[in-house]
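Asker: the sequence and its predicted three-dimensional model are supplied below.
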Amino acid sequence: MKIGIVGYGKMGKDIFSLFFDKLPDAQFVVIDLFGAEENREALLKNLGKSLKRKKLTEEQYEYKKGSFVFTDDISTLSGCNIVIEAVFENMASKKELFAKAAQAVSDDCLLLTNTSSLDIASVFEDIPYKERCFGMHFFYPVKLTGFVELNVLPETAQDNIEEAAQLIESAGKKPIIFSGEYHIYLNQILACMISHAIYLRESLGASAAEIDRSLAELFPVAGPFEILDSVSLGLMAENPGNFQIERNRKLLGYGCEKMQGWLADGCPRETLCFLDFMSEHEKDTGADCSKAALYMAALILNETVNAVSGYSGNKTVLTEAVQDTLGLSESPAALYRKYGSEDIFAALDKLHSETGFGSYSHKDKGVWDSILG
């Protein structure tokens, strides 16, 4: 198998590293427009260290060092079976790259975009043979997350979906398939969680740090604002219009407006800047955050129930993916038992009456019990 990776920023590098480590017989072409020779030399150096430390045999080392090409020439993708694009989130750039890649590869080479927010049909609208085109969305950091989204188009061929799913599984990850309005769904529920945390900060009169501390039991690895910090305010504050599920538009729009306000106030767009900015601009208030975990669990469980109700794929896999993506301490079913339907519905009714957001409108208990009971 010959895999092309277009883009070698933090995400492209992680995707390449995953497959390079997990697929011992694969060949790779990395399109790196900004540091091809430097990154090639760095990889060779790391392989040499692995050989000295006996993590690789001499035979494995010889194969590995000849199994990749770093170049800025997109025509070098010729002969690839799969091309994965991982450049920054700009529609024009992605379309241009895929137009060039499509000219370089065969008509049956899979063309996959790692976009986390853009409309996938638009990315590929000018590409012929759309049965090979769809999204393969990894979360960052790639090696620490368990699921990869396959965001398929109506034209995407089933055998191509299966080929991509097998590739993901061979790298030790679990594929989950989304289509239509559920494209990039796991990113959408993550964005809902962060927007909801922003609402809790406002409504409870607390600082971002206080909200994260109050949710530490629910999110043992990283709270919502810590996740926002790691993703970057600039990326999270982008227009949420490409998320297509109607019930979440108002909540996501609210969160986007607040985040754009922080950008306007001078918060840097880059990663690992948001929490430092907030620590300089707000102090703990001593607000009562005792119900924050209930309110957060209520939102996540409600969105999970709504999503599972409208999802055509494996519903168990979807709930597992929600837990993994959000970093929840317990499964959605366990959280439902922990907090109880009465308190959860009371929390959702209160949130809905305060905001009118569709994200807080819930189905009846029978539906919840059938999914989470």
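Answerer: Alright, I've got the coordinates.
Asker: which residues belonging to stretch 68-80 are considered buried?
Answerer: By 16 or more other Cβ atoms under 10 Å, the buried positions in stretch 68-80 come out as 68, 69, 70, 71, 74, 76, 77, 80. All C-beta spots, glycine's among them, are computed from the backbone N, C-alpha and C.
Asker: look up which residues are beta-bridged to the third one.
Answerer: According to DSSP bridges, residue 30 are recorded as the beta-bridge partners of residue 70.
Asker: quick one on the thing from earlier: between which two of the buried residues of stretch 68-80 is the distance greatest?
Answerer: 68 and 74 (15.9 Å; Cβ to Cβ).
Asker: find the centremost residue of this protein, please.
Answerer: By Cα atoms, centre = their mean, the chain has its centre lying nearest to residue 139, at 3.9 Å.
Asker: for the closest residue to it other than its chain neighbours, give me its contacts.
Answerer: Of all residues not flanking residue 139 in the chain, residue 145 sits nearest, at 4.1 Å (Cβ to Cβ, 6 or more residues apart in numbering). By Cβ atoms under 8 Å, 6 or more residues apart in numbering, residue 145 lies in contact with 138, 139, 173, 324, 325.
Asker: among the buried residues of stretch 68-80, which one sits closest to residue 242?
Answerer: residue 74 (25.7 Å).
Asker: you'd agree the closest one is up against residue 99?
Answerer: No - assessed by Cβ atoms under 8 Å, residue 74 is found out of contact with residue 99, at 9.7 Å.
Asker: re the thing from before, reformat the buried residues of stretch 68-80 as CSV; add pLDDT and distance to residue 194.
Answerer: Listed next are those as CSV, based on pLDDT from 0 to 100; distance: Cβ to Cβ, whole Å:
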residue, pLDDT, distance to residue 194
68, 97, 36
69, 97, 39
70, 97, 35
71, 97, 37
74, 96, 35
76, 97, 39
77, 98, 36
80, 98, 36
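Asker: and which of those is nearest residue 314?
Answerer: residue 80 (29.6 Å).
Asker: phi, psi for that closest one please.
Answerer: Backbone geometry at residue 80, expressed as degrees, to the nearest 10, gives phi -70, psi 140.
Asker: that one against residue 29, yeah?
Answerer: Yes - if you go by Cβ under 8 Å, residue 80 and residue 29 touch, sitting 6.1 Å apart.
Asker: need the residues touching each of the two.
Answerer: With Cβ under 8 Å, 6+ apart as the test, residue 80 and residue 29 both reach 2, 3, 4.
Asker: just checking, the first one touches residue 30?
Answerer: No - no contact is recorded between residue 2 and residue 30 when judged using Cβ under 8 Å, the distance being 11.8 Å.
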